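Asks: Model the following, please.
(one chain, ligands or ions: 1)
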Amino acid sequence: VETVGILTSGGDAPGMNAAIRAVVRTARASGMKVKGIKRGYAGLLNNEIIDMDSRMVSEIARLGGTILFTARCKEFETREGQQKGAQILKDNGIDGLIVIGGDGSFRGAQKLSELGINTIGIPGTIDLDINCTDYTIGFDTAVNTAMSAIDKIKDTSTSHERCSIIEVMGRNAGYIALWCQMANGADGILIPERDAFNEQDLIDAIMHNRSKGKTHHVIINAEGVGHTNRLARRIEAATGIETRATVLGHIQRGGSPTARDRVMAATMGGYAIDLLHRGETNRVICYKDGKYVDFDIDEGLAMEKTIDEYQFLISRLMSVY
Ligand code: ADP
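Replies: Sure thing, here's the model as predicted:
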């Protein structure tokens, strides 16, 4: 690979910039040219391509978001769109492409690989919902942001002896909820990996603990379970305890990345360049069982992952529900 392109795609995540910085710097150190593609596959189809040098990425590791912008693009899901994208890459002299994003973005990368572009995926999503890897860029920052926010809500909820239902992100995955349950000491979690929860059991648990003198409750609800406002209203109606809903929302997607997100993103960025240097294509970089590894994208997409049962068990033992 002589010229490497880089894009960020799908939902943004803190730490993406640290990965971009590492890609640019390690590529330059290996004698490759780097081109940045703005707005993911949408920008690719619009030929929004810029030259990148080492100086352009100085000081970006500490910035949240992605300096390349991100987007979703329906056209790229079609064969014509993919062929057009591959041609635009070739016209710009780009023979290797690094895609930072989630499963959908990797499917796009896989198509480009079939069309002769060497592609490498780097996992970037706060939800941790990529099955082939135990770590995704942004999760650590998002959990820390949610944890700080929940600490604050707990202060006021405790003072007023309320019940709080707090919704954290995670459309298909309950990792942020599980980590916050343990980090914040919440009284229960609702996550999409579990079968429909029994609302009456939750209400009974709250009532039982109130009768024993517990003065406040915090329940963490994952986005994938949803209906947080409705749940709060029903709990209030059933228990008579003042119950408030808080949806943390996009606050969890922003902010300066943690050291862990910066360092892991940088390592994955450098690893991606190493793979391109060795002529690899259609690979996704992962962190698994404490090691950086890479898988064929098709194999990676076919893997399955469940919430850590042991961690979940301990979390349940520490909570009311
Ligand atoms: P994420 O990468 O976070 O999973 P999306 O699922 O929204 O986010 O995917 C991001 C983009 O990747 C989509 O807007 C689309 O352009 C591209 N993409 C998704 N699925 C495919 C597919 N099956 N084939 C080609 N491109 C795809």
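Asks: how about the helices in the chain?
Replies: Using DSSP state H, the helices of the chain run over 16-29, 40-45, 79-91, 103-114, 139-159, 175-184, 199-211, 228-239, 259-277, 297-302, 309-317.
Asks: is it possible to export those to a markdown table including distance to residue 53 and mean pLDDT?
Replies: Bear in mind the C-beta positions are built from the backbone N, C-alpha and C, glycine included. As requested, the helices of the chain are arranged in a markdown table below (distance: least, Cβ to Cβ, whole Å; pLDDT from 0 to 100):
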| stretch | distance to residue 53 | mean pLDDT |
| --- | --- | --- |
| helix 16-29 | 7 | 98 |
| helix 40-45 | 19 | 98 |
| helix 79-91 | 19 | 98 |
| helix 103-114 | 24 | 98 |
| helix 139-159 | 27 | 97 |
| helix 175-184 | 36 | 97 |
| helix 199-211 | 55 | 91 |
| helix 228-239 | 46 | 96 |
| helix 259-277 | 15 | 98 |
| helix 297-302 | 29 | 98 |
| helix 309-317 | 43 | 93 |
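Asks: Tell me which of these lies nearest to the ligand.
Replies: helix 103-114 (2.1 Å; Cβ to the nearest ligand atom).
Asks: which residues are contacting the closest one?
Replies: 9-10, 40-41, 72, 76-77, 82, 85-86, 89, 97, 99, 119-121, 129-130, 281-282, 284, 297-298, 300-301 (Cβ atoms under 8 Å, 6 or more residues apart in numbering).
Asks: And that helix, what's buried?
Replies: By 16 or more other Cβ atoms under 10 Å, the buried positions in helix 103-114 come out as 103-113.
Asks: Closest one to residue 58 out of these, please.
Replies: Distance to residue 58, by Cβ to Cβ, is smallest for residue 105 among the buried residues of helix 103-114, at 26.1 Å.
Asks: Flag every residue of the stretch 101-250 of the chain that's near the ligand.
Replies: 101-105, 107-108, 111, 125 (Cβ under 6 Å from any ligand atom).
Asks: What is the most widely separated pair among the residues you listed?
Replies: 111 and 125 (19.7 Å).
Asks: Could you export stretch 186-205 as PDB, CA atoms only?
Replies: Output in PDB follows, covering the C-alpha atoms of stretch 186-205 (Å, rounded to 0.1, in the frame of the first residue of the first chain):
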ATOM      1  CA  ALA A 186     -27.300   1.000  41.500                       C
ATOM      2  CA  ASP A 187     -30.100  -1.100  42.800                       C
ATOM      3  CA  GLY A 188     -30.900  -2.900  39.600                       C
ATOM      4  CA  ILE A 189     -30.400  -2.900  35.800                       C
ATOM      5  CA  LEU A 190     -32.500  -3.700  32.800                       C
ATOM      6  CA  ILE A 191     -30.600  -4.800  29.700                       C
ATOM      7  CA  PRO A 192     -31.600  -6.000  26.300                       C
ATOM      8  CA  GLU A 193     -29.600  -9.300  26.600                       C
ATOM      9  CA  ARG A 194     -32.000 -10.500  29.200                       C
ATOM     10  CA  ASP A 195     -35.600 -11.700  28.600                       C
ATOM     11  CA  ALA A 196     -38.300  -9.200  29.400                       C
ATOM     12  CA  PHE A 197     -38.000  -8.300  33.000                       C
ATOM     13  CA  ASN A 198     -40.900  -8.700  35.500                       C
ATOM     14  CA  GLU A 199     -42.100  -5.300  36.400                       C
ATOM     15  CA  GLN A 200     -44.000  -6.600  39.400                       C
ATOM     16  CA  ASP A 201     -40.900  -8.200  40.800                       C
ATOM     17  CA  LEU A 202     -39.100  -4.900  40.500                       C
ATOM     18  CA  ILE A 203     -41.900  -3.000  42.200                       C
ATOM     19  CA  ASP A 204     -42.100  -5.700  44.900                       C
ATOM     20  CA  ALA A 205     -38.300  -5.400  45.500                       C
END
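Asks: Give me the neighbour count for residue 63.
Replies: 18 (other Cβ atoms under 10 Å).
Asks: Just the pLDDT for it.
Replies: pLDDT for residue 63: 98.
Asks: close enough to count as contact, it and residue 254?
Replies: No - using Cβ atoms under 8 Å, residue 63 is not in contact with residue 254; the gap is 10.1 Å.
Asks: Residue 53: what's it in contact with?
Replies: 24, 28, 34.
Asks: now the residue nearest to residue 202 when sequence neighbours are not counted: how far from residue 207?
Replies: Using Cβ to Cβ, 6 or more residues apart in numbering and skipping the chain neighbours, the partner closest in space to residue 202 is residue 321 (5.0 Å). Noted for residue 321: a distance of 11 Å to residue 207, by Cβ to Cβ, to the nearest Å.
Asks: out of those two, which sits in the busier spot?
Replies: Neighbour count, other Cβ under 10 Å: between residue 321 and residue 207, residue 321 has more, with 19 against 15.
Asks: what residues are up against that one?
Replies: So residue 321 contacts 187-188, 201-202, 205-206, 219 (Cβ under 8 Å, 6+ apart).
Asks: Please check these and keep the buried ones.
Replies: 187-188, 202, 205-206, 219.
Asks: Pretty sure residue 133 sits against residue 290.
Replies: No - between residue 133 and residue 290 there is no contact under Cβ under 8 Å: 12.0 Å.
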